[in-house]
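Q: Everything below, folded, please.
(chains A, B, C and D)
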4 protein chains.
Amino acid sequence: MNKIPIAILGATGLVGQRFITLLQGHPWFEIAELAASDNSVGKKYGEAAKWQLPTEIPERVREMQVLPSDPAQVQAPLVFSALPTDIAGDLEVAFARRGAIVSSNASPHRMDADVPLVIPEVNAEHLALAEVQTRRLGSAGFILCNGNCTTIHLVLALAPLHKRFGLKRVLVTSMQALSGAGYPGVPSLDIIDNVVPYIGGEEDKVESEPLKFLGKVKNGSIEYADIRISAHCNRVATRDGHLETVSVEFVDKPSPGDIIAAFDEFRGEPQELDLPLAPAHPTVYRREKDRPQVKLDRDAEKGMATIIGRLRECKVLDYKFVLLGHNTLRGAAGATVLNAELLYAKGMLNRAGQKSVEQAIG
Amino acid sequence: MNKIPIAILGATGLVGQRFITLLQGHPWFEIAELAASDNSVGKKYGEAAKWQLPTEIPERVREMQVLPSDPAQVQAPLVFSALPTDIAGDLEVAFARRGAIVSSNASPHRMDADVPLVIPEVNAEHLALAEVQTRRLGSAGFILCNGNCTTIHLVLALAPLHKRFGLKRVLVTSMQALSGAGYPGVPSLDIIDNVVPYIGGEEDKVESEPLKFLGKVKNGSIEYADIRISAHCNRVATRDGHLETVSVEFVDKPSPGDIIAAFDEFRGEPQELDLPLAPAHPTVYRREKDRPQVKLDRDAEKGMATIIGRLRECKVLDYKFVLLGHNTLRGAAGATVLNAELLYAKGMLNRAGQKSVEQAIG
Amino acid sequence: MNKIPIAILGATGLVGQRFITLLQGHPWFEIAELAASDNSVGKKYGEAAKWQLPTEIPERVREMQVLPSDPAQVQAPLVFSALPTDIAGDLEVAFARRGAIVSSNASPHRMDADVPLVIPEVNAEHLALAEVQTRRLGSAGFILCNGNCTTIHLVLALAPLHKRFGLKRVLVTSMQALSGAGYPGVPSLDIIDNVVPYIGGEEDKVESEPLKFLGKVKNGSIEYADIRISAHCNRVATRDGHLETVSVEFVDKPSPGDIIAAFDEFRGEPQELDLPLAPAHPTVYRREKDRPQVKLDRDAEKGMATIIGRLRECKVLDYKFVLLGHNTLRGAAGATVLNAELLYAKGMLNRAGQKSVEQAIG
Amino acid sequence: MNKIPIAILGATGLVGQRFITLLQGHPWFEIAELAASDNSVGKKYGEAAKWQLPTEIPERVREMQVLPSDPAQVQAPLVFSALPTDIAGDLEVAFARRGAIVSSNASPHRMDADVPLVIPEVNAEHLALAEVQTRRLGSAGFILCNGNCTTIHLVLALAPLHKRFGLKRVLVTSMQALSGAGYPGVPSLDIIDNVVPYIGGEEDKVESEPLKFLGKVKNGSIEYADIRISAHCNRVATRDGHLETVSVEFVDKPSPGDIIAAFDEFRGEPQELDLPLAPAHPTVYRREKDRPQVKLDRDAEKGMATIIGRLRECKVLDYKFVLLGHNTLRGAAGATVLNAELLYAKGMLNRAGQKSVEQAIG
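A: Numbers count the residues shown, from 1 in each chain, chains lettered A, B, ... in the order given. Modelled structure (predicted):
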């Protein structure tokens, strides 16, 4: 089988590096092009990237020449975007207009009315928006977004509860890892022996994105979920893995056993379709009194699951619990790749991006 | 003036060490006796204690011989207790029965009906319980408690709000420093690159103690405040300083300006009586978007204030904010000393402990 | 093939946990018995051990009952010892006397005249001492030791140099990881934002053990290498991976290219015999100006290699360089297992421990 | 008394911030002007600087307007330079040519033949170079340098030994704090759970600067000391305080008691002249087996001393020991201020900078 050629935008950053490792030996996708900012263009990837991961750069990738982030020079039919926020908006549209399917980790288009914002286990049906979008863009291409790293894990934990019991209010405090700020990101003097109770723009995303994820498709757009969410976002001195303390209020208050069963039994299309990057269990409930913990649980299920624990009664809302998830795997690069796997498995790469794919595979 | 002789119980631990530094050059109190566990008894303090603070052990203290924690062998009329939880209960009663006034940082008696649990700025009037207690004990001595380290700072922030506007519900997530677990406390392998979302017994204290602090004296006992509090307590890799994210709901929702004014203007008896350890401002509201921060703000006002910031609307309750406080100063040793200063300034050391004091000063 | 049953002494500690993970799916060895201290005896392993590794405890191991460290109750013919120093001395002899082959990570017997102290790539020929030892003990069993965690990586880097060019003097400063102190080990308050320039007993080991490793077998004992070594040992706030800065003086000063070639080409019996845990390259020289680094290189070659870099002229001795190695894998548990693999591949388990093995496999 | 007006170049950086706190309430000097890079010029200092210290910015300084680093616009007769390396070279000469005395923490001119490189306790007599320099520059102004942060503490420990016993060879490994790299400096992802065994340009400075510090004035230039020094420089995850392990070889090997006496008794001009920032003891030898430690000792003597410990025989050179010093106080800003205090106390501000000073004080 010919694999689908992939272009990575923002290839030298932390999320770009995760794309590269996730795509090594991928059964369906193959890295064809790497694009990054001007000071990297023309260099070999091995020279352009300050590699951060304990595994080595794959030999083939090390030698690839970095391209500019220009739809005219990057040809692949499927594009993974880890572009910086300030340029992702326009560039991703340009790529979609030239026919590419853009699976994006960037934030600018997440809340656009006809851009699907998808977690495959939660709202695969939102992919229906792609057709609306392709009509608007007048292209076979479109943009598909994953959420913010803190949001994705929150929504993975909330979805099984909302689907079974209905959620009314959610109060979340996050303790977020350093890799969430990219590289160079947080200066060491700002975080050693410190907690910073502020992450620019983060609380807005955590409060708004879940309403779209948990919303319903109605007449080609999304009717947002009717949940009130409040977020406190903090940066702590961990390398990877966002921890969140969550209090929730239900429409119909379930028993603790009902809630744990909802976590234990939660499955979605990635599990049914056996997507390559799908975790066996998207939500894992741990029974120990002091779990999940960042260093012990962030890599569970290859970093693609949300680990939950400490369910107990909350004196203010109904229940409270703790959740943890890997922020650059399921919270970023892994989410982007899983979204693309969903498109592939549902035949949407063929249908929407057919011409591009055919041409590229040639 | 002869200073009042002080005995320190649990003198070799972290809180004990803070007592020693806080009492250096104190205008009213003087360290007379140091007591600790059996393996320290008989040694010089300098040999018995594994000193943790960047200032040196005072020369005189270094040479003092450590006594057993035995009311028969420790004579001082005023006792500061940093005893471990498992032995504090009985021992503190024994000291009170032999006539000592025990200002305690230990938890066992905090919620006892006739034990005053006091933050001098918040509920100095609760000292009225001491008389009830002395009658029960049949002694001139009594026990006076300060709260849990996380609780004290939470209550310092809540008190000005509750007094002006009335609080109904409070949801708090703490990120607590390592010194809160004492020494040796948290193993380094448990916390570097990690967050532990569990601290045994902590959430119960944070949910219950504020109700007593914010309660009213009625007929010789405390009528608890009618507030619902829910706490998530976490351990993070900071040395000192507990950070807390707080969401609050009011009886009468004030404006943000009203709330900040309440923080700015909050004062209590320590400020009126000009107690030696009193901060000029017990609550400090910072206007920067990213403060308070642990490393920058924990030592403000000599570690005796609660620093607050980031007041904003909360989509679940009414408002949310961040607070920070030094856990072994205002949150522990400083609280114990300030409570004793309050007793002194109000003449309660003379009245209640008169015979002991006279005898000890001789 | 029946696998050889293994007993692990000190099974609940950090090194014991590494034994367990290293032996999962091992082609030759199989965990048969787990022993630990009194407060663990009789419990299931999953309850007795405070598991520290991000992989889960293997299901079968979790359910095994912990035995006492008693040669009468632990039957396996091959014993891996991670016993604490204070009890390892006598207990390991007792196990050897009852016929067990003891592959030990403990220090008490390392410098005994007839105990082989082996790094398989460096001095496999020292196994000849085993025969001397069995005669002394009057048993088919014997003790085989690996070195101190800092020493092993130092010796792996020095061996290829000493064999080719002869070493005269070595000055080493270590920056050692927290896991080297076991669990609970170093209190977090002692190491966050700190370096401790003292590790009890460590410098003696680093200065003396290499002389035996690099020595020669002469008439049934070891003639120590004639090298002067001086060590400064420090504890830093890393989880795993000891970094060492090394200056060396040669008998015949080679060129830098000669030295790098010696590192690149170094191989030994583990590579020739293709031992299961052998790294492809026991010494890896990196060309980057800022490597090796703890977080990037400690897991290279499955944690079984020594990573070297920054070779340059030294103004005091001849050359200087940096080395890094995983302290609980190649520096401890991995060393113990590799030593046992060497025995197996050379037929020494069969010869020396035949009766025990036959009986145990039965 | 009118205080001497001071200009600070590079005022917004970490060292600039330390200048500001050190000059609060200084008896002789007063901050008159603050200069920084273009993006700060014209702003109030409180807005331009990202303040890093736990004490607040002094109110007066907060409101001062930041000037450009231009000798035509900065008028003070005495200039403290924390300029970045790449611009310090030319700018400091320009300031000296317009008549300013420049006390500099920057590196470009340290090794210039007629620039005094001074630690007041070690080589105050090197100030004689200033006259040579003023002749060359044709100005009353001149440049006076302090050393690299790691070098200064090394030299403070070596000087008393070299003066008494003569040093031949020195081998040093440093474990340097994050503040040594300035702000933002080291990215947190590069250093948490890591050690970086490379700091660009550092080893050259540590190997060469001491030879000038410990050299002798001969005919208007410095005859370098005849010592061979080799350095390994490493970055570790501490906030402040460089730790160094040192091995030394002597011309005449003293006894350990002789060495400790040399440390205990070491004094210099700052102590004789009672300079405001002088430590009582520039070198402090600690007797504990595990000191100095970064967190416990960096602030001793107001951060202006070098703390030494663990003296013992070295198997490769003669002796080895550990030293620690605060890198941004005695290792940078404190060194610059102390150098200026030395000039003042010796009347060199009056003599050399007289016209400027008179004019400025007006």
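
Q: and stretch A:227-242, how far out from the chain's middle?
A: A distance of 15 Å separates the centroid of the chain from that of stretch A:227-242, by CA atoms, centre = their mean, to the nearest Å.

Q: From what I see, residue A:289 and residue A:312 are in contact.
A: No: look at residue A:289 against residue A:312 with CB atoms under 8 Å: they stay out of range, at 10.0 Å. Yep, even glycine has a C-beta here, placed from its N, CA and C like the rest.

Q: which ones are touching the closest residue to residue A:282 other than its chain neighbours?
A: Leaving out its chain neighbours, the residue that sits closest to residue A:282 by CB to CB, 6 or more residues apart in numbering or on different chains is residue A:121, at 4.6 Å. Counting by CB atoms under 8 Å, 6 or more residues apart in numbering or on different chains, residue A:121 touches A:156, A:159, A:266, A:267, A:268, A:269, A:270, A:271, A:282.

Q: again, but for residue A:323
A: By CB under 8 Å, 6+ apart, residue A:323 lies in contact with A:153, A:154, A:157, A:243, A:244, A:246, A:292, A:306, A:307, A:308, A:309.

Q: Now the buried members of the contacts of residue A:121.
A: Using 16 or more other CB atoms under 10 Å in any protein chain shown as the burial test, the contacts of residue A:121 include A:156, A:159, A:266, A:268, A:269, A:270, A:271, A:282 as buried.

Q: Which single one of those is nearest to residue D:22?
A: residue A:156 (51.8 Å; CB to CB).

Q: That closest one and residue A:328: what is the separation?
A: For residue A:156, the distance to residue A:328 equals 16 Å [CB to CB, to the nearest Å].

Q: Over to residue A:20?
A: Taking CB to CB as the criterion, residue A:20 is separated from residue A:328 by 12 Å.

Q: With neighbour numbers in mind, choose between those two.
A: More crowded of residue A:20 and residue A:328, by other CB atoms under 10 Å in any protein chain shown: residue A:328, with 30 against 25.

Q: I figured the more buried one hits residue A:241, correct?
A: No: if you go by CB under 8 Å, residue A:328 and residue A:241 don't touch, sitting 9.3 Å apart.

Q: Residues of the stretch 251-362 of chain A that sit close to chain C?
A: Listed as neighbours of chain C in the stretch 251-362 of chain A under the rule CB under 8 Å from any CB of the partner chain: A:295, A:296, A:297, A:298, A:299.

Q: and with 6 Å instead?
A: Contact residues (CB under 6 Å from any CB of the partner chain) of the stretch 251-362 of chain A with chain C: A:296, A:299.

Q: Ok, the stretch 51-200 of chain A next?
A: A:54, A:193.

Q: now the helices for the stretch 51-200 of chain A?
A: Using DSSP state H, counting those that start in this stretch, the helices found in the stretch 51-200 of chain A span residues A:59-63, A:85-97, A:120-123, A:129-137, A:149-165.

Q: Pretty sure residue A:29 sits against residue A:2.
A: No: between residue A:29 and residue A:2 no contact is recorded; they are 11.1 Å apart, counting by CB atoms under 6 Å.

Q: more crowded one of the two?
A: More crowded of residue A:29 and residue A:2, by other CB under 10 Å: residue A:29, with 22 against 9.

Q: returning to that earlier point: among the contacts of residue A:323, which one has the most neighbours?
A: Ranked by the number of neighbours (other CB under 10 Å), the contacts of residue A:323 place residue A:306 first, at 33 neighbours.

Q: Please tell me I have it right and it contacts residue A:284.
A: No: between residue A:306 and residue A:284 there is no contact under CB under 6 Å: 7.3 Å.

Q: Make JSON lines out of the helices of the stretch 51-200 of chain A and add mean pLDDT.
A: Output for these, formatted as JSON lines (pLDDT from 0 to 100):
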{"stretch": "helix A:59-63", "mean pLDDT": "97"}
{"stretch": "helix A:85-97", "mean pLDDT": "97"}
{"stretch": "helix A:120-123", "mean pLDDT": "98"}
{"stretch": "helix A:129-137", "mean pLDDT": "97"}
{"stretch": "helix A:149-165", "mean pLDDT": "98"}
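
Q: right, and those helices - which one's nearest residue B:7?
A: Across the helices of the stretch 51-200 of chain A, closest to residue B:7 is helix A:149-165 (CB to CB), at 49.7 Å.

Q: Which other helices and strands does that closest one contact?
A: If you count contacts as 3 or more CB pairs under 6 Å, 6 or more residues apart in numbering or on different chains; DSSP states H and E, helix A:149-165 packs onto helix A:202-213, helix A:256-265, strand A:306-313, strand A:319-325.

Q: got a list of contacts for that helix?
A: When contacts are defined by CB atoms under 6 Å, 6 or more residues apart in numbering or on different chains, helix A:149-165 is touched by residues A:119, A:122, A:172, A:174, A:180, A:205-206, A:209-210, A:213-214, A:242, A:250, A:252, A:254, A:262-263, A:266, A:282-283, A:306, A:308, A:323, A:325, A:327, A:331-332, A:335.

Q: Please apply the same query to stretch A:259-271.
A: With CB under 6 Å, 6+ apart as the criterion, stretch A:259-271 contacts A:120, A:121, A:124, A:160, A:161, A:164, A:278, A:282, A:283, A:285, A:308, A:311.

Q: And the nearest residue to residue A:138 once chain neighbours are set aside, how close does it get to residue D:317?
A: Once flanking residues are discounted, residue A:138 sits nearest to residue A:97: 7.5 Å by CB to CB, 6+ apart. Residue A:97 sits 70 Å away from residue D:317, going by CB to CB.

Q: Report the secondary structure element holding the nearest residue to residue A:68 once chain neighbours are set aside.
A: Spatial nearest neighbour of residue A:68, excluding adjacent residues (CB to CB, 6+ apart): residue A:41 at 4.9 Å. Per DSSP states H and E: residue A:41 is located in neither a helix nor a strand.

Q: can I assume residue A:334 is in contact with residue A:304?
A: Yes: if you go by CB under 6 Å, residue A:334 and residue A:304 touch, sitting 5.3 Å apart.

Q: you'd agree residue A:222 is in a strand?
A: Yes: with DSSP: H, G, I helix; E, B strand; the rest coil as the criterion, residue A:222 is part of a strand.

Q: Can you tell me, leaving aside adjacent residues, what's nearest to it?
A: Leaving aside its chain neighbours, residue A:222 sits nearest to residue A:215 (4.3 Å; criterion: CB to CB, 6+ apart).

Q: that older thread, could you identify which of the helices and strands packed on helix A:149-165 is most buried?
A: Across the helices and strands packed on helix A:149-165, averaging neighbours per residue (mean count of other CB atoms under 10 Å in any protein chain shown) puts strand A:319-325 on top, at a mean of 26.

Q: need the residues of the stretch 151-300 of chain A near chain D, please.
A: A:178, A:183, A:184, A:186, A:187, A:188, A:189, A:191, A:192, A:239.

Q: ok, and which of those reach chain B?
A: Counting by CB under 6 Å from any CB, the members of these near chain B are residue A:239.

Q: Only whichever of the residues of the stretch 151-300 of chain A next to chain D are buried, select them in PyMOL.
A: Applying 16+ other CB under 10 Å to these leaves a buried subset, and the PyMOL line that selects it is:
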select buried, chain A and resi 178+183+186+187+188+189+191+192+239
